[in-house]
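In: With the sequence up front, the predicted model follows.
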Amino acid sequence: MDLENQKRVKDLTEKHGAENIVVLLGAAEAEAAGLAAETVTAGDPTFAGPLAGVQLGLRVYHAVEPQFKDEVDPTVYDDQIGMMEMVLNVEEIIEEMTSIRDEFCQFK
């Protein structure tokens, strides 16, 4: 997650409260999604950005996870994400995201 997005997440969390924030990711690889998820939950693991050492514990999901997919209009989902879902390793992404949430998320 780039430094600008880290700042946005931090600012929104300070303004609205961590319990009111959900981060939605769309990275194409599980490792990249996991790194971004770790950043908004446990803090920036590279210690380079505004979230370095900041443990927000935010709820974080990937766009292909059922927790998100089940909440949106299926037609819109298929139109916007359906093609990518066919080429992504969805199970690997779900496994990575679940692991990060289980370890670092403070809000269920």
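Out: Here it is on my side, so go on.
In: Can you name every helix or strand that the lowest-mean-pLDDT helix or strand in the chain contacts?
Out: Across the helices and strands of the chain, the lowest-confidence element by mean pLDDT, DSSP states H and E is helix 83-87, at a mean of 94. The contact analysis (3 or more Cβ pairs under 8 Å, 6 or more residues apart in numbering; DSSP states H and E) places helix 83-87 against no helix or strand. No exception for glycine: its C-beta is placed from N, CA and C like everyone else's.
In: right, and the helix or strand after it?
Out: helix 90-104 (DSSP states H and E).
In: What helices and strands are in contact with that following helix?
Out: Secondary elements touching helix 90-104 (3+ Cβ pairs under 8 Å, 6+ apart): helix 30-41, strand 59-62.
In: chain center to the shortest one, what's the gap?
Out: Spelled out, it's strand 59-62. Centre-to-centre, strand 59-62 and its host chain are 4 Å apart (Cα atoms, centre = their mean, to the nearest Å).
In: and what of stretch 22-36?
Out: The answer for stretch 22-36 is 5 Å, by Cα atoms, centre = their mean.
In: Quick check: buried residues in that stretch?
Out: Within stretch 22-36, the residues that qualify as buried are 23, 25, 26, 27, 30, 33, 34, 35, 36, counting by 16 or more other Cβ atoms under 10 Å.
In: Redo those residues as JSON lines? Include distance to residue 84.
Out: Output for these, formatted as JSON lines (distance: Cβ to Cβ, whole Å):
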{"residue": "23", "distance to residue 84": "18"}
{"residue": "25", "distance to residue 84": "13"}
{"residue": "26", "distance to residue 84": "8"}
{"residue": "27", "distance to residue 84": "11"}
{"residue": "30", "distance to residue 84": "14"}
{"residue": "33", "distance to residue 84": "13"}
{"residue": "34", "distance to residue 84": "18"}
{"residue": "35", "distance to residue 84": "19"}
{"residue": "36", "distance to residue 84": "16"}
